[in-house]
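Q: Provided below for reference: sequence and predicted model.
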Amino acid sequence: MVMRKLLNNASRIHLIGIKGVGMTALAQILSGYDKKITGSDTDERFFTDKVLKHLKIKVYRHFSRENIGDVDAVICSAAYILEKEGQVFGFGSAKEEIEKAKAMNIPILLYSEAVAEIFNATYGIAVAGSHGKSTTSAMAAVMLENAGLDPLAIVGTKVLNWEANARIAQNKNFKSLFVLEADEYKDAFLRYDPKTIMLTNIDWDHPDYFKTPLAYRKSFQKFIAKLSKKDKFIFFVDDPEIKVISVSCHAGMKIGYGFSPASRLQIVSWISHKNGSSFCLYFDGKNIGTFDIRLFGRHNVLNAAAVVSLGLSLGIPKDKIRRGLYAFKGTTRRFEILSASNPVIIDDYAHHPSEIKATIGAARTAFPDRRIVVLFQPHTFSRTKALFKDFVAALKLADLPLILRTYASAREKESSGGITSVALSRKLKTSHYNNIGQAQKNLKKILHPDDILITMGAGNVWEVGQYLAKQQLHGKQASG
């Protein structure tokens, strides 16, 4: 059934929190299927502003009861809605819009509910895990696109190949493959019924919702238990948490990838070079050759191995998989080089200690013998509190870690237990910046020409990197 249940009959849909990456991707797909879309959000700048403008979608730059007009349905970002006992409740600045929609008896869907209606009607490929979801799902979708399989896709960041974070299939009957970055936050991914799950890793996160590592693990266990003997399970075999839960998976085809001999798809060697990374793979004990990607770091080699596993599971010829991998240009905010001048400026979304380690490790590989300066912006007070020691250990891997004030997200406005960005900077004995402007001003003074600067975090720290990169460009033009 195409566009099942509510969305099948809704022609005018309003999206609350439309500038979130997932919401914008959903808006793209719904617009592509002739739905009239409006949306509302804050006036904060996002890369999605350009995408929505290109789609000519009316976006209200504030939340207001007046934004809810003559619409058939409302879809709300998880950042502004709570679900309890089958009822939805708005909170924060978007509460008025949700309450008006309820008063008008307009159906309200969570983002994950709306996506599930589409995803569950397709051959769904869900990319799940604590880290690497965006890169893996984007790389998988580009590989499938280059292999001629015309996938739908929703990715949690802008894919450089598309200059957008969604792909609309030319085949508009929803019978194509659908690659979805499946978020575990608030158990959202349990709404999806995938035919294939790609699981990159399990590393406790979102402590505001998953109070313990065990609760986090159990959520993933429930997710992979959805697979039947007709389905496929692709997983990082070296991950200790995945080893624990994989026994509960009943998928008919399983491909474990990794570095160990236990891997069905084994990475036997890999190297980095100025253009990215190359790696050699064995599948079922047989050498299937060398593959190349335009990305750096061990973690991205693993992401690529997951995509190769997907291609093999679908019967795609190795040469097409190889070409599709190399065609992938990357995504924004994932080791994105904003300026290759001196200093080199890189922006990265890393907001978890494991991601910080991986990003700094990739920088060490790509730029050996250079001083690595990291400007880190914590994202959520609860995550900083729960993983404080791990954050300190990870950030110490930089030659000069610097801290920007915690990003106050919609989901969590206040400090939890006094563990803030200030506490992190004190523990690291380093500088703390209260705002973007202060960081921009001071970094201009302290950076050396040979430095590698990484602006890092899930908030708006990217504004610092973009500002400094533009300053470099203007300086070059003036001197030229």
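A: Done, it's in.
Q: what's near enough to touch residue 179?
A: Counting by Cβ atoms under 8 Å, 6 or more residues apart in numbering, residue 179 touches 125, 127, 137, 140-141, 144, 151-155. Bear in mind the C-beta positions are built from the backbone N, C-alpha and C, glycine included.
Q: just among those, which is most surrounded?
A: residue 127 (34 neighbours; other Cβ atoms under 10 Å).
Q: now that one: which helix or strand?
A: strand 123-128 (DSSP states H and E).
Q: next one: the next helix or strand after that strand to chain centre, how far?
A: On the C-terminal side of strand 123-128, the closest following helix or strand by DSSP H and E is helix 133-146. Going by Cα atoms, centre = their mean, to the nearest Å, the spacing between the C-alpha centre of helix 133-146 and its chain's C-alpha centre is 12 Å.
Q: which elements pack onto the helix or strand containing residue 267?
A: Element membership for residue 267, per DSSP H and E: strand 265-273. Judged by 3 or more Cβ pairs under 8 Å, 6 or more residues apart in numbering; DSSP states H and E, strand 265-273 is in contact with strand 253-258, strand 276-283, helix 298-313.
Q: deepest of those, which one?
A: Of all the helices and strands packed on strand 265-273, helix 298-313 has the most neighbours on average by mean count of other Cβ atoms under 10 Å, namely a mean of 25.
Q: what's around the closest residue to residue 388 other than its chain neighbours, how many residues?
A: Nearest residue to residue 388 in three dimensions, chain neighbours excluded: residue 419, at 5.8 Å (Cβ to Cβ, 6 or more residues apart in numbering). Neighbour count of residue 419, defined by other Cβ under 10 Å: 20.
Q: which residues touch residue 419?
A: 381, 384-385, 388.
Q: what does residue 370 give?
A: 344, 450-452.
Q: any weak-confidence spans in the stretch 351-480 of the chain?
A: 409-418, 473-480 (pLDDT under 70).
Q: ranges for the strands of it?
A: Ranges of strands in the stretch 351-480 of the chain, per DSSP state E, counting those that start in this stretch, are 372-376, 400-404, 432-433, 452-456.
Q: so what pLDDT did the closest residue to residue 336 other than its chain neighbours get?
A: Once flanking residues are discounted, residue 336 sits nearest to residue 347: 4.8 Å by Cβ to Cβ, 6+ apart. You'll see residue 347 listed with a pLDDT of 96.
Q: how's this protein carved up into domains?
A: Recorded structural domains for the chain (assignment: automatic domain parsing) are 5-111, 122-327, 336-479.
Q: just to revisit the earlier point, quick one: the residue nearest to residue 388 from residue 176, how far?
A: Here residue 419 is placed at a distance of 46 Å from residue 176 (Cβ to Cβ, to the nearest Å).
Q: likewise for residue 195?
A: Applying Cβ to Cβ to residue 195 and residue 176 gives a distance of 12 Å.
Q: okay, and the common contacts of those two?
A: In contact with both residue 195 and residue 176: residue 123, using Cβ under 8 Å, 6+ apart.
Q: I'd assumed residue 279 was in contact with residue 269.
A: Yes - in this structure, residue 269 is within contact of residue 279 by Cβ atoms under 8 Å, at 6.7 Å.
Q: overlap in contacts, the two.
A: Between them, residue 269 and residue 279 share no contacting residue, judged by Cβ under 8 Å, 6+ apart.
Q: tell me the contacts of residue 49?
A: Contacts of residue 49 by Cβ under 8 Å, 6+ apart are 19, 59.
Q: hmm, try it at 7 Å
A: Shown in contact with residue 49 (Cβ atoms under 7 Å, 6 or more residues apart in numbering): residue 19.
Q: again, but for residue 68
A: Applying Cβ under 7 Å, 6+ apart, the residues near residue 68 are 14, 97, 100-101, 104.
Q: and stretch 214-221, what's its mean pLDDT?
A: The model assigns stretch 214-221 a mean pLDDT of 96.
Q: likewise for stretch 88-98?
A: 82.
Q: got the buried residues for that stretch?
A: 88, 90, 93-94, 97-98 (16 or more other Cβ atoms under 10 Å).
Q: swap in stretch 71-85?
A: Quick answer for stretch 71-85 (16+ other Cβ under 10 Å): 71-81.
Q: how about the contacts made by residue 76?
A: 16-17, 98, 108, 110-111.
Q: any idea how far residue 60 lies from residue 12?
A: 15 Å.
Q: neighbour count winner among these two?
A: residue 60 (17 against 13).
Q: so the more buried one makes contact with residue 67?
A: Yes - with contact defined as Cβ atoms under 7 Å, residue 60 reaches residue 67; the gap is 4.7 Å.
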